[in-house]
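Q: model the following, please.
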Amino acid sequence: MRNGYELFVRPLLFSLDAETAHHVTMRLLGQSSQFDVALSALKLFQPRPKPITLFGLKFRNPIGLAAGLDKNGVAVSAWAALGFGFIEIGTVTAKAQPGNPKPRIFRLPEQQALINRLGFNNDGADAIAQRLAALRESGRWPAVPVGINIGKSRTTPLEQATDDYLYSFRILRDFADYITLNISSPNTPGLRELQEPEKLSELLSAIGNEAGTATKPLVVKISPDLSGTELKAILAVCEKNGVSGIIATNTTLDHSSIAPQLDQAGGLSGAPLRDKSTALVREINARSTIPVIASGGIFDAESAIEKFHAGAPLIQLYTGLVYRGPQLLREIMDRL
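A: This is a model prediction of the structure:
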């Protein structure tokens, strides 16, 4: 049975091109974040709480907002009002950048999927830090954990990637309850090479040295397209460097489920990613004690519970939220 968002709001948003619809949504949520009355109205969607504590943080419930929806941290208070147990903004890069040429987001409604090749379009670490500082001063900072997802600037050579991440880390860490290192987006050339053990070890070691004793939980977001051997090597590096969590997964370059006439270059998310993401969550859980945050193909209570049964204590929504709306949170929580 379709909910009110699917019946009334989604047809309006889907009458616009995907990126315009996204900007309209973010503008409305950003404006709502500035007014207590609007935030109170959004709280009508909130599911009942089901607290969980993980890597020293208390989450109101196990459902988080995945990075990519709120790249610039403009609607943090609104996401919390809607009932998310945690919020991850970004991906943020050291340098402001426009991203890839448009069009760069494509809906595939029959497959309940999205393809994007945005390319880390964002305002840059300095501007986003200023925005978060203003939010904190406003008194509307959310009472749930806020993660900040950081990535490499497109113009930064791969051999200078560590310094690029370190810049963003230094600027943003005071606003983050945890930091996610995005080393797996398929839309920044060469980025996935940072999943190689030697490069990942260098990056994690540098972040750890920078954090010193004032450490924050560090999370690594990985690709769903890894081989078993590659995953084993990544887990070994993460365990050695004390990584707090792994997000499984980013978007996939496996478009085998998409008809050629509908296909586009970019990362595929949504229902076609469900099985691959769940399998990776299960494999990580079998091989490592590092907690997994599951993301990929969560569209209803059944697909969410599948991720929990695979061993993930937390999940994140993105494409499912686009198609199902905020009532998806309550649907999942009611089943839990």
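Q: correct me, but residue 311 touches residue 283?
A: No. Assessed by Cβ atoms under 8 Å, residue 311 is found out of contact with residue 283, at 9.4 Å. Using the backbone N, CA and C atoms, a C-beta is placed for each residue, glycine as well.
Q: look up how far residue 292 lies from the residue nearest to residue 276 when sequence neighbours are not counted.
A: Spatial nearest neighbour of residue 276, excluding adjacent residues (Cβ to Cβ, 6 or more residues apart in numbering): residue 224 at 4.8 Å. Relative to residue 292, residue 224 is positioned 13 Å away (Cβ to Cβ, to the nearest Å).
Q: so what sits against both of the two?
A: residue 248 (Cβ atoms under 8 Å, 6 or more residues apart in numbering).
Q: list the contacts for residue 326?
A: Contacts for residue 326 (Cβ under 8 Å, 6+ apart) come out as 5, 45, 82-83.
Q: show me which positions of the helix or strand hosting residue 281 end up buried.
A: Residue 281 is part of helix 274-287, with elements assigned from DSSP states H and E. By 16 or more other Cβ atoms under 10 Å, the buried positions in helix 274-287 come out as 274, 276-278, 280-285.
Q: my read: the residue nearest to residue 276 touches residue 297, true?
A: No. The criterion here is Cβ under 8 Å, and residue 224 misses it with residue 297 at 10.0 Å.
Q: what sits in contact with each of the two?
A: By Cβ under 8 Å, 6+ apart, residue 224 and residue 297 have these common neighbours: 273, 277.
Q: where do the strands sit along the stretch 1-150 of the chain?
A: 52-54, 57-59, 63-65, 86-92, 105-108, 113-116, 146-150 (DSSP state E, counting those that start in this stretch).
Q: winner for burial among these?
A: strand 86-92 (a mean of 28; mean count of other Cβ atoms under 10 Å).
Q: by contact count, what packs against that strand?
A: If you count contacts as 3 or more Cβ pairs under 8 Å, 6 or more residues apart in numbering; DSSP states H and E, strand 86-92 packs onto strand 63-65, helix 76-82, helix 125-138, strand 146-150, strand 178-182.
Q: what's the mean pLDDT across it?
A: Averaged across strand 86-92, pLDDT comes to 98.
Q: orientation of it relative to strand 146-150 in degrees?
A: Strand 86-92 runs at 20 degrees relative to strand 146-150, counting by axes from the mean of the first three to the mean of the last three Cα atoms, to 10 degrees.
Q: got any ranges where the stretch 151-300 of the chain has weak pLDDT?
A: 213-214 (pLDDT under 70).
Q: mind listing the helices for it?
A: Assigned by DSSP state H, counting those that start in this stretch, the stretch 151-300 of the chain shows helices spanning 161-172, 197-211, 228-240, 274-287.
Q: give the contact list for the closest residue to residue 186 other than its chain neighbours.
A: Closest residue in space to residue 186, ignoring its immediate chain neighbours: residue 267 at 4.6 Å, by Cβ to Cβ, 6+ apart. Residues near residue 267 by Cβ under 8 Å, 6+ apart: 115-117, 185-187, 250-253.
Q: okay, and the beta partners of residue 267?
A: residue 116 (DSSP bridges).
Q: gap between it and residue 18?
A: 14 Å.
Q: ok, now residue 220?
A: With Cβ to Cβ as the criterion, residue 220 and residue 18 are 28 Å apart.
Q: okay, the two: which has more neighbours?
A: Neighbour count, other Cβ atoms under 10 Å: between residue 220 and residue 18, residue 220 has more, with 27 against 18.
Q: and residue 188, its phi and psi?
A: Backbone torsions for residue 188, taken as degrees, to the nearest 10, come to phi -120, psi 120.
Q: number of residues surrounding it?
A: For residue 188, using other Cβ under 10 Å, the count is 26.
Q: got the contact list for it?
A: Taking Cβ under 8 Å, 6+ apart, we find residue 188 in contact with 119-120, 151-152, 154.
Q: filter those residues down to the buried ones.
A: Burial by neighbour count, judged by 16+ other Cβ under 10 Å, picks out 119-120, 151-152, 154 from the contacts of residue 188.
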